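In: 3D model of this:
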Amino acid sequence: MTSKIRIFIVNDQKAMCKLWQRLIDSQDDMECIGSAYDGDTAVEEAVPLQPDLVLMDVMMPGIDGYEAAQRIQAGSPSTQTIICSARTDIHERAKEIGAVAALILPVMPESLIALLRKFGSNKHPEAWAPPLS
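Out: Down below sits the predicted model:
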């Protein structure tokens, strides 16, 4: 069996983190290895864990999701980031910072899982994924 996709979740809404964690952990091929509710904590905790993917909210206390994603990618170059937000104008900035996808919230659980599988199993994606809503 191949190893599970290791995912770190960052969202200032604790309920959203817990919901995504349950969804991810219910999949046979994925595991949530941690979560954070602000950008500074996300960097401190995600970098040592070296996750395959970070599901990163944009609007958070402290440093925003874009800055946190850049710091995580600097400390863990193999980690890929999916930027997410209820805002619809995130795709350009997400692409600029090296995220592999932008996710417009809310999103159907099946769509989220499909996106996580796509990028979690592909260490070097060949193309930018357009915003998913």
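In: ok, now which ones touch residue 4?
Out: For residue 4, the contact set (CB atoms under 8 Å, 6 or more residues apart in numbering) comprises 28-31. Where you see a C-beta, it was placed from the backbone N, CA and C, and this is true even at glycine.
In: wait, which of these is closest to residue 98?
Out: For the contacts of residue 4, the residue nearest residue 98 by CB to CB is residue 30; the value is 22.0 Å.
In: and that closest one, how many neighbours does it have?
Out: 21 (other CB atoms under 10 Å).
In: so it sits against residue 120, correct?
Out: Yes. Using CB atoms under 8 Å, residue 30 is in contact with residue 120, at 6.8 Å.
In: which residues do these two both contact?
Out: Joint contacts of residue 30 and residue 120 (CB under 8 Å, 6+ apart) are 5-7.
In: so how far is residue 79 from residue 56?
Out: 10 Å (CB to CB, to the nearest Å).
In: same thing with residue 92?
Out: Taken as CB to CB, the span from residue 92 to residue 79 is 21 Å.
In: kindly report the same for residue 116.
Out: 13 Å.
In: with adjacent residues omitted, what lies nearest to residue 71?
Out: Distances taken as CB to CB, 6 or more residues apart in numbering put residue 43 closest to residue 71, at 4.5 Å, once the chain neighbours are dropped.
In: pull the number of nearby residues for the one you found.
Out: Neighbours of residue 43 using other CB under 10 Å come to 22.
In: thinking again about what came up before, among the contacts of residue 4, which one sits closest to residue 96?
Out: So of the contacts of residue 4, ranked by how close each gets to residue 96 (CB to CB), first place is residue 30, at 27.3 Å.
In: just to revisit the earlier point, phi, psi of the residue nearest to residue 71?
Out: The phi/psi pair for residue 43 (degrees, to the nearest 10) reads phi -60, psi -50.
In: can you offset everything so residue one is 36?
Out: Fine by me, first position is 36 from now on; the one you just mentioned is residue 78.
In: mind listing what it touches?
Out: By CB under 8 Å, 6+ apart, the residues touching residue 78 are 98, 103, 106-107, 110.
In: do you know the pLDDT at the nearest residue to residue 115 once chain neighbours are set aside?
Out: Once flanking residues are discounted, residue 115 sits nearest to residue 135: 4.7 Å by CB to CB, 6+ apart. Residue 135 carries a pLDDT value of 93.
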